[in-house]
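**Student:** One predicted model, sequence on top.
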Amino acid sequence: MKAVRYWSANNARWLRRVYQSLETVLVALHPLLKRLGYQRLDRSFAAIEKVVKGFLFDSQSCGQCTLGETGMACPMNCPKTLRNGPCGGVRSNGHCEVDPDMVCVWVTSWEGSKLVGDLESTIQVIQAPVDVRLKGTSAWLRAVRKRLGLVSGDGL
Ligand code: SF4
């Protein structure tokens with residue numbers, strides 16, 4: 001829902017803190033997660049993420065979450081799925097050229113990033129191209145393994 005999505009970007013500062021805390025907790029739980037098996041847990045985590053992130057961010061479950069670096073705005077809601085800034089077709093009122101009823105994802109992202117305040121380690125980070133093979137997998141579990149150097153790619 002767009003209204004909730006915009007609300008999330010307008011509350012990006014504390015929502016990002018919640019995200020960072022969640023990542024810290026999950027990293028601390030790595031020995032347990034490893035014992036239970038990341039592969040086995042993936043489907044359950046992905047289902048939880050789909051509900052929570054789907055509601056708050058209209059997450060498209062790409063499996064390589066950038067929310068922490070894009071002002072808590074999901075770039076996969078851009079009709080062109082651009083992950084490194086706007087296409088240049090943004091309307092003068094800040095809306096999307098493809099969907100005039102939607103504020104450009106990157107306008108929303110910029111507003112959220114300004115609230116977070118740490119532009120160099122957030123929106124200025126170059127995101128890797130999306131890997132469609134990861135769609136529907138758990139971005140949270142992937143972020144834990146990335147933080148521990150067990151996989152490469154995007155974060156939580
Ligand atoms: S205007 Fe923004 S949301 Fe729309 S296609 Fe371009 S970058 Fe994506």
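**Tutor:** Looks like it came in fine.
**Student:** Centre-most residue in the protein?
**Tutor:** The chain has Leu67 as the residue nearest its centroid, 2.7 Å off, counting by CA atoms, centre = their mean.
**Student:** And the pLDDT at the residue of the chain positioned farthest from its centre?
**Tutor:** Using CA atoms, centre = their mean, the residue of the chain lying farthest from its centre is Arg35. It sits 26.7 Å away. Note on Arg35: pLDDT of 96.
**Student:** Tell me the helix or strand right after whichever helix or strand Arg16 is part of.
**Tutor:** Counting by DSSP states H and E, the element that carries Arg16 is helix 12-28. Per DSSP H and E, the first helix or strand lying C-terminal to helix 12-28 is helix 30-36.
**Student:** helices or strands next to the helix or strand following that following helix in the packing?
**Tutor:** The element immediately downstream of helix 30-36 (helix or strand, assigned by DSSP H and E) is helix 38-57. When contacts are defined as 3 or more CB pairs under 8 Å, 6 or more residues apart in numbering; DSSP states H and E, helix 38-57 packs onto helix 2-10, helix 139-147. All C-beta spots, glycine's among them, are computed from the backbone N, C-alpha and C.
**Student:** Residues of this protein that sit close to the ligand?
**Tutor:** Counting by CB under 6 Å from any ligand atom, the chain comes close to the ligand at 78-80, 82, 86-87, 89-90, 96-98, 104-106.
**Student:** Could you export the residues you listed as CSV, including pLDDT and secondary structure?
**Tutor:** Supplementary listing: these in CSV, determined by pLDDT from 0 to 100; DSSP: H, G, I helix; E, B strand; the rest coil:
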residue, pLDDT, secondary structure
Cys78, 96, coil
Pro79, 96, coil
Lys80, 95, coil
Leu82, 95, coil
Pro86, 95, coil
Cys87, 95, coil
Gly89, 94, coil
Val90, 96, coil
Cys96, 97, coil
Glu97, 97, coil
Val98, 97, coil
Cys104, 97, coil
Val105, 96, helix
Trp106, 96, helix
